[in-house]
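> A structural model of the following input is requested.
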Amino acid sequence: MIVRKLAGVFRPRRNAWLAAFGALLLWTQTDATANPSLLKLPMFDGEVSGDFAMPGIGVECHWRMTAGSPRDEPGIRRGRLEVDGMGAHIVARATLDLASGVTRWEIEDATADLAEVFPALAPLHLPDFAHLGVTGSVSAGGGGQLTPLGDFSGAVILTITDAAVRDFFGGWAAEGINLRVEFPALPALETKPAQRLTLSGFTHEAAGVEIRDAETDIGCGNDGRIHFSNTKLSACGGVIFMEPFSLNPSALDVSTRVRVEGIDSESLAAFLPGSIAEAHGRFSGELSLGWSPATGVVPGIGKLELIKAPGAAIRLARTPGFFTSDMTPRLYFLPKPLGFLRRIFSLENPAYDTLKKIEESEMSIDVDAITINFTPDGDEAGRSATIVIAARPADRKSAVKNLRINVNVTGPITKVLEMGTTDRVQIGF
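Below you'll find the predicted structure:
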């Protein structure tokens, strides 16, 4: 027996979500004689509605469903489903072709407030990220079809607007996230390869990372990883361009090669603890770069060079004896046993006072060129970085006219700085 019409409103409270899905089946089925592959369920014209609690979280949502067979469209049934609750509003439509048994579905409207939806769903579906604070809005649109044999297909576009993610325990935050991502072949969750993502800011306090105005193309592959390309961001006072890389959502770490332009030298001082007290100037170059919440930013093999510009200067951290350990205030030409004569036939060392002030961090030096080579795993001499500085004392009256300083870094770059002991300084008068 086929029920031709069910009028009125049905408002169940207990196990109502089952009633909702049951009603959805009702209006998408017809008599088995029309198509043997369809289930033998009655259909109805009218409206049903109710409330249901999301399994596992207890959040109550309201649903309403309408269904009918338009008189001017024989062989066609149409339905509309609305769901409200948990900060979400969803409106979906479906059209059943009775002859073929194919149901075409469409998301008419779907919006959600992430501040309400994420805390409710994350403990069940994303437990590793349930501790995050997420805000912003998400919307969806799309459509597809469902065959009588249960084959589901379609395409959906998700749009995330002005979202923010904060990890209060990990000490990092991302804000101003905007993304439009298309899934062209559901049920597969692969995306088109170039979905544009922009981010206004990212900070990680412990690692000392601050990123602004980031933009990239992303795509999700069948390997579950997120792939990034055409990545550009602002950090350390300059611009960074990153080669393509992949990210595992369950293990946040990045390994790629970058090209930097105009990086502030003060930011580089963090990689050379104990060597530079103050720096003015900008660098450009290329190097490998790694980052994770545990290690922070770790430079790899590469080279940075100072951009020649007025005002480039550094003031070394106080390192007594760096220049003068093998030097005396006076230049002696006779051996010590000659005593008085040795003193008479000596000259004042014109470089000593200047170099003493530089190593005591009392005088800055104007920089003509700086080249930094990174070799984190160590070169043939075991150095993880080498820095060559060509400079002049800021005091133009100094007898020292130019300096060439070689600095060798051994051990982890972000942990240890050790000055080389041979050929480290060349002085010109």
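
> Every contact and neighbour count from this point should use C-alpha atoms.
Will do.

> any idea whether the residue nearest to Ala235 when sequence neighbours are not counted is helix, strand or coil?
Excluding the flanking residues, the one nearest Ala235 by CA to CA, 6 or more residues apart in numbering is Ile211, at 4.9 Å. Counting by DSSP: H, G, I helix; E, B strand; the rest coil, the backbone at Ile211 sits in strand.

> Glu116 too?
Assignment for Glu116 (three-state DSSP): helix.

> Now do the residue nearest to Ala235 against Thr295, distance only.
Note on Ile211: its distance to Thr295, by CA to CA, to the nearest Å, is 17 Å.

> If you count surrounding residues, which of these two has more?
It is Ile211, of Ile211 and Thr295, that has more neighbours when counted by other CA atoms under 10 Å, with 19 against 12.

> Averaged pLDDT, stretch 46-64. What do you get?
On average, the pLDDT along stretch 46-64 is 81.

> What of stretch 204-212?
Confidence over stretch 204-212 (mean pLDDT, whole number) is 80.

> Just the endpoints, please. Distance across it?
End-to-end distance (CA to CA), stretch 204-212: 12 Å.

> Would you indicate which residues of that stretch are buried?
In terms of neighbour count (16 or more other CA atoms under 10 Å), stretch 204-212 has its buried residues at 204, 207, 209-212.

> Same check on stretch 97-109?
So stretch 97-109, judged by 16+ other CA under 10 Å, has buried residues 97-98, 101-108.

> Also stretch 83-90?
83-86, 88-90.

> for stretch 380-387, same thing?
By neighbour count on 16+ other CA under 10 Å, the buried set for stretch 380-387 is 383-387.

> Dump it to CSV, keeping only the CA atoms.
Output of stretch 380-387 as CSV, limited to C-alpha atoms (Å, rounded to 0.1, in the frame of the first residue of the first chain):
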residue,chain,number,x,y,z
GLU,A,380,85.0,19.5,6.8
ALA,A,381,86.2,21.5,9.8
GLY,A,382,83.2,20.7,11.9
ARG,A,383,81.8,24.2,11.6
SER,A,384,78.0,24.6,11.6
ALA,A,385,78.2,28.2,10.3
THR,A,386,80.9,30.6,9.1
ILE,A,387,80.6,34.4,9.2
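
> and it, how far out from the chain's middle?
The gap between where stretch 380-387 is centred and where its chain is centred comes out at 30 Å by CA atoms, centre = their mean, to the nearest Å.

> That one - what's its average pLDDT?
78.

> In terms of distance to Pro187, which of the buried residues of stretch 380-387 ranks first?
Comparing these against Pro187 with CA to CA places Ser384 closest, at 48.4 Å.

> Going along the chain, name the helices of this structure.
When assigned using DSSP state H, the helices of the chain occupy the ranges 16-27, 114-125, 265-268, 340-344, 352-359.

> which of those has the lowest average pLDDT?
Looking at the helices of the chain, the bottom one is helix 16-27 with a mean of 44.

> what's the pLDDT at the nearest residue to Arg225 once chain neighbours are set aside?
Distance criterion CA to CA, 6+ apart; nearest residue to Arg225, sequence neighbours excluded, is Asn248 at 5.0 Å. Looking at Asn248, its pLDDT stands at 83.

> so how far is Asp97 from Asn248?
To Asp97, Asn248 is 42 Å away according to CA to CA.

> Same question for Val181.
Look at Val181 and Asp97: by CA to CA, they are 30 Å apart.

> and what of Ile365?
Taken as CA to CA, the span from Ile365 to Asp97 is 82 Å.

> now swap in Pro299 and tell me
Distance from Pro299 to Asp97, by CA to CA: 61 Å.

> what's the answer for Met65, then?
19 Å.

> again, but for Asn178
From Asn178 to Asp97 the distance is 38 Å (CA to CA).

> for Gly281, same thing?
For Gly281, the distance to Asp97 - CA to CA - is 70 Å.

> likewise Gly300?
61 Å.

> Would you agree Asp366 is in contact with Ala309?
No. Look at Asp366 against Ala309 with CA atoms under 8 Å: they stay out of range, at 10.7 Å.

> So if I had to pick from the two, which one is more boxed in?
Set side by side, Asp366 and Ala309 show more neighbours around Asp366, with 22 against 12, by other CA under 10 Å.

> which residues sit in contact with that one?
Residues in contact with Asp366 (CA atoms under 8 Å, 6 or more residues apart in numbering) are 311-314, 391-394.

> swap in Glu359?
316-323.

> Over to Ala140?
Counting by CA under 8 Å, 6+ apart, Ala140 has contacts 107, 109-111, 156-159.

> So for it, what's the pLDDT?
According to the prediction, Ala140 has pLDDT 96.

> Specify the beta-bridge partners of the nearest residue to it once chain neighbours are set aside.
Once flanking residues are discounted, Ala140 sits nearest to Leu158: 4.6 Å by CA to CA, 6+ apart. Per DSSP bridges, the residues bridged to Leu158 are Ala140, Val181.

> so the residue nearest the centre of the chain bridges to which residues?
Closest residue to the average C-alpha location of the chain: Phe202 at 7.3 Å, with CA atoms, centre = their mean. When bridges are assigned using DSSP bridges, the partners listed for Phe202 are Ala174, Ile211.

> gap between it and Arg166?
Remark: distance between Phe202 and Arg166 (CA to CA) = 10 Å.

> Please enumerate the shared neighbours of the two.
172-174.

> of those, closest to Asp72?
Ala174 (52.7 Å).

> Residue ranges in the stretch 251-400 of the chain under the pLDDT threshold?
Scanning the stretch 251-400 of the chain for pLDDT under 70 picks out 268-275, 293, 296, 330-334, 340-342, 345-346.
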